[in-house]
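S.K.: Quick one: sequence plus predicted model below, questions after.
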Amino acid sequence: MGDLKEAGAEALPAGDAARGRLSLLPQGESEEPSAQGSALFLGGNEVKSRAVVKYSSAPPRTAFARLEEKTDLKLPPANWLRESARLGPAGTTILGNSKKSKPFSSFGMAYDFIDSVGNDVDVVSDSENIKKLLKIPYSKSHVSMAVHRIGRTLLLDELDIQELFMRSSQTGDWTWLKEFYQRLIDQKWQRKKKSKEHWYQKAILSKFLYYSINGDGAAQPVPSAADPQGSSSPDQTHDREGASWPAPFEVPSSVSEDPSASNQESEPFEPSYIVGHVASAPKEQNLTTLFNDGENSQGLKNDFVRNILWTFEDIHMLVGSNMPIFGGGRYPAVSLRLRDNNKPINVLTGIDYWLDNLICNVPELVMCFHVNGIVQKYEMIKTEEIPNLENSNFSTKVIKDIAQNILSFLKSNCTKEGHTYWLFKASGSDIVKLYDLTTLCEETEDKYQNPFTMPVAILLYKVACNMMVKKNQNKKHYGTIRTLLLNCVKLLDKGRHPQIIASANYMLSELFQLDEPKKEESSDSPLNENSDESYSEEEEEEELPDSDDNGAYGTRSAPSEDSKAVAIIKSVGELSVPEKYKSIHQIRPSCAFPVCHDIEERCRMVLSYVLEGLKSVDSSIKKESDLPAADPNTPIPLKYEDESTRGGPEGLEKQMALFLDKMGSLQKGNYSSQSGMIPGSWQHKMKLQLILKSSKAYYVLSDAAMSLQKYGRALRYIKLALQSHDTYCCLCTNMLSEVLLFLSQYLTLCGDIQLMLAQNANNRAAHLEEFNYQTKEDQEILHSLHRESSCQGFAWATDLSTDLESQLSVSCKCYEAANEILQFSDLKSQNPGHYVQVLKRMGNVRNEIGVFYMNQAAALQSERVVSKSVSAAEQHLWKKSFSCFEKGIHNFESIDDATNAALLLCNTGRLMRICAQAHCGAGDEFKREFSPEEGLYYNKAVDYYLKALRSLGAREIHPTVWDSVNWELSTTYFTMATLQQDYAPLSRKAQEQIEKEVSEAMMKSLKYCDVDSVSARQPLCQYRAATIHHRLASMYHSCLRNQVGDEHLRKQHRVLADLHYSKAVKLFQLLTDAPCELLRVQLERVAFAEFQMTSQNSNVGKLKTLSGALDIMVRTKHAFHLIKKELMEELDQPKSDETAPAADSSPSLNREEVIKLLSIFESRLSFLLLQSIKLLSSTKKKTSPCSNTEEDGVLKTNKHIYSQLLRATANRSATLLERIDVVGHLLDQLARSSGGSGGGALQ
């Protein structure tokens, strides 16, 4: 060490002098020469230390003035006690005047660096407190500190007992602590006064520092730091703003704050947050009202010249320091100290100097020695040499162990977040005690007497806010945020701090996501994981270890009066033992986010927080007596109205018009509140967000109930959602488009529920019971809503009606209202998916209503006795049904939904057919003809079915719908042709024209009847096609019989009749359930052959025709086989089943028809055999006997079959089965004869 003439460093950028802004230094840029920290190697023991300046308001460093030898420090310099940016508060606070009055210095830093609190930093404190803790084993001085835990961070503040008790005697605060202190610790407490020597040394040091910044002794004003606006000179700034640092001790501490503190904007955090979809919390200007209970006078400001992130070994600390640092020339940075040459440096002083330099990352110390205030000399000491100074030897390794042990001791025992702990060591004592002041305070009458309560609560709130605004925040931290907010609310008095409580409850509700996909909570969900930064939320007792090896808690051996202590260090010497207090109580993972097993539980959690928030807001607006009396415990009735009182669907039109007027007024920003809230106030903003949150929660609950088919419950929840939204509309001054979208979604869901209620009318009683049920929580939320609005804006949509028509109408109106809302702003284009869903639902419900009216019309028609005219009621129902279908078709076409549009066109076609059927009942049944009205409506039906096919375009788009429309179209043509054929309008049209129209209609029906595609409808199509061919064949057969002349036309009819008979037979043979139809067609073919035979003259021609007819008879064997099979199955069924046939069995055989057809068959077979025998016999007589042996065989066989047939028909006692067996046997013989003869046959 040698004399030092001048020390200094390069000038670095100055921070903002005014506290109006925090100046955050970029990484790597610091006031210090090395922001990367330093590793010091002292005596072979390595101590890792790294210091990074996070904020500095110091001006650029300049060299200190070296005082001339023999300078008398007892004489004040001209600039003494004047404001100095270079000294900061050191020049004045070194006299002990203002620091003592600021017990919340760590909170000021925590507010400014909110990102670090609870997560990255272990300790936040003043450097003086850090030094005092690390000197505990070396010092006999008393230690009194307040300790608070926020997450994994401990906040340490000096708790000046003497200062607080002096204040207690004046204000009455802290009386409980004073009594406790006197009772357990120092029964004869009295304020200890400082000695004159103490004040003398303080004054000498202060004068020395002022001399060092202005060496010539002139009273020159010292330039202040840069003006934040950069528009005024330093002198002007000084004069205008007053003191930038706390004033001399004569000035009361309450006015020593920086004037700019009131509008300080903390850069790391601004307590406005956006969570979910909407801005929610109070803005900065509102949050300042939270500190009006005296906190500003208690130092809730960051008054340090620099804030440093100091890493000492593995301990991360955010430290505030006011130590002046000088520099310039060859030396980067030095600290300046004054020592009495007659007094050697002791260990405590050495530790002080060493820690100050480590914290501020200053590599060298300049010491000025004096004797009785007369300057003697200067010496420079390197920081790493300080532990080895004479009379000041100490081990840096021990200091490291002390730091780790103290941190572990505090972290292990300060476990309850929000509690104020008191670390106390009496003067001259070796015992360190830790008390839980919050628990002690709660034993008094007023638990809010603890002045730390409010700052701690606000810090918890701000840390939670900060975590909420982080866009990349992982959900695993939700448990931490929830715990922060719950502890914040637990600390606050609901009557005194409604704003923070309301805001905290809103944030708690935002933690539970309501818009997540509907799925079961999985075990690996991040919400179910414990947070790495978890910590206890409830007041759970720490499990204290029994062995002193884990930490000297000393509760067993402690004196009885120490029973109030949470933990005790029995001897300060233990702090020097490495890992004596190894932190086995790391932050416990006990604040996992609650697992919600289903959506309903999650929503109920949200609503519980919303309710607490609403209560806080309501309690701050007006007293209950100022409002209309309403008991929150009395359920607000949710009664359904009978349709007669509500005015029916027609009354809905008026209610809808009122609703749309209201929605239009919302766009203009109309505001109406019954409670008298002021628009723009925090109560107004907060209640809006809470109400919106409740409406979302009820909407999700309703949606969940809907998926469970609990439609009554779903309607109750959507009613509450719409009541919440109605209140929101009354309070809102500027309706957001996003909120309008919510309303559209609510009304859409309400429409869905009303539709499902209409379709599940058989369970109406259970739905009504669910609808009328109400929880106390819902009642209280409704009570809060009724303070602002009548909540009747959506009553038309949410009543549970007993009338099906009304429910369908309400459902439709809900969709219409949802669609109207989308038209108000640009929501339609912004949310195309929702818009399509609304129109699709609207089209669907209009289809339901159309079908409802159509079925009513059909019921009226079936009840109508034979009448000559259609009733007006029927026609009215047709019009209503048609209108609904038409609007529904327009809805689907507007969103290019071809499939659904086709289905509605198909239903419209069905309505036209019902109209046609209504006109067919008029007139006498015997004189009835196919009327023009029938033809008109059937043709209209055909038009709608063809439009449906055009809408679909091709079968590939939707095969099922395509096939359905084709079938309906085929049915329409077939019905129209059948009616024209059966009830020919001969009074209006010629026979030939009617036959032509029937033929065309039948062929068109055949065209749209798909017999080839394999499907469930294929047998129906085959039967339809077979029936069409049969009818056409019968028609041509009839024409042939009745027609005279025009041989060409007769021949054409003959060919067509034969063709259609053949096709009908082929199709009927494919079916197993139409044997009678097959038999009838075959018999008609035989009759057709007989008719042809009458016009033939030659025996050869007649014989050929007869042979063909007999061949047709043989082919009827398949029909008789099917009939026999069905008769056998009927006989095999048990008698008990005869009365109740299986539901899926085919229609039972019509015995009467079978007997009738069998009799006709027997007579025609007998006739054909007789004619055949006659013709063959006459042919044989004309030719030689040996000329044709085959004909002889046929003749013989026919005679034999004929004789058997005569005997069988003569037996009147034979059963149906026996007769069928005989016929089958005869047909077998006839088949063998026909096959052997090789005769021609008609195909």
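M.R.: That came through fine. Numbering: from 1, shown residues only.

S.K.: does Ala901 sit in a helix, a strand or a coil?
M.R.: At Ala901 the chain is in helix, as set by DSSP: H, G, I helix; E, B strand; the rest coil.

S.K.: likewise the one 10 residues further on?
M.R.: Using three-state DSSP, the structure places Leu911 in helix.

S.K.: same check, this time on Gly118
M.R.: Going by three-state DSSP: Gly118 is coil.

S.K.: ok, Ser395 touching Pro387?
M.R.: Yes. Contact criterion Cβ atoms under 8 Å: Ser395 and Pro387 qualify, at 7.2 Å. No exception for glycine: its C-beta is placed from N, CA and C like everyone else's.

S.K.: ok, these two, which is more surrounded?
M.R.: Pro387 (24 against 15; other Cβ atoms under 10 Å).

S.K.: Validate this expectation: that one resides in a helix.
M.R.: Yes. Per three-state DSSP, Pro387 lies within a helix segment.

S.K.: Check the spacing between it and Asn357 real quick.
M.R.: 11 Å (Cβ to Cβ, to the nearest Å).

S.K.: same deal with Val456?
M.R.: 32 Å.

S.K.: got any ranges where the stretch 1001-1150 of the chain has weak pLDDT?
M.R.: Judged by pLDDT under 70, the stretch 1001-1150 of the chain has its weakly predicted residues at 1044-1045, 1134-1148.

S.K.: residue ranges of the helices in it, please?
M.R.: Along the stretch 1001-1150 of the chain, counting by DSSP state H, counting those that start in this stretch, helices occupy 1018-1042, 1047-1070, 1075-1094, 1099-1115, 1117-1132, 1135-1139.

S.K.: Out of these, which gets nearest to Arg713?
M.R.: helix 1018-1042 (42.8 Å; Cβ to Cβ).

S.K.: Residues touching that closest one, excluding its own?
M.R.: 967, 970-971, 974, 977-978, 981, 995, 998-999, 1002, 1005-1006, 1009-1011, 1050, 1053-1054, 1056-1061, 1063-1064, 1067-1068, 1070-1071, 1073-1074, 1077, 1080-1081, 1084, 1087-1088, 1091 (Cβ atoms under 8 Å, 6 or more residues apart in numbering).

S.K.: Buried subset of these, written for ChimeraX?
M.R.: Remark: buried members of the contacts of helix 1018-1042, expressed as a ChimeraX selection using 16 or more other Cβ atoms under 10 Å:
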select :967,970,971,974,977,978,981,995,998,999,1002,1005,1006,1009,1010,1011,1053,1054,1056,1057,1058,1060,1061,1063,1064,1067,1068,1071,1074,1077,1080,1081,1084,1088
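
S.K.: before we move on, the earlier item: and the helices of the stretch 1001-1150 of the chain: which comes nearest Leu209?
M.R.: It's helix 1018-1042; of the helices of the stretch 1001-1150 of the chain, that one is closest to Leu209 (Cβ to Cβ) at 107.1 Å.

S.K.: List the buried residues for the closest one?
M.R.: 1020-1037, 1039-1040.

S.K.: What of stretch 113-120?
M.R.: 113-114, 116-119.

S.K.: Next: stretch 497-517.
M.R.: Those buried within stretch 497-517 under the rule 16+ other Cβ under 10 Å are 497-512, 514.

S.K.: Where do the domain boundaries of the chain fall?
M.R.: 49-184+302-450, 596-621+677-820, 1104-1130+1150-1181+1188-1234 (the TED database).

S.K.: Make CSV from these and add distance to Phe882 to it.
M.R.: Shown next, in CSV, are the domains of the chain (distance: least, Cβ to Cβ, whole Å):
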stretch, distance to Phe882
domain 49-184+302-450, 67
domain 596-621+677-820, 16
domain 1104-1130+1150-1181+1188-1234, 39
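
S.K.: Go through those domains and name the closest to Leu936.
M.R.: domain 596-621+677-820 (28.9 Å).

S.K.: which residues touch Ile501?
M.R.: Ile501 sits next to 489, 492, 494, 612-613, 616 when contact means Cβ under 8 Å, 6+ apart.

S.K.: out of the residues you listed, what pair is the most spread apart?
M.R.: Leu492 and Gly613 (13.0 Å).
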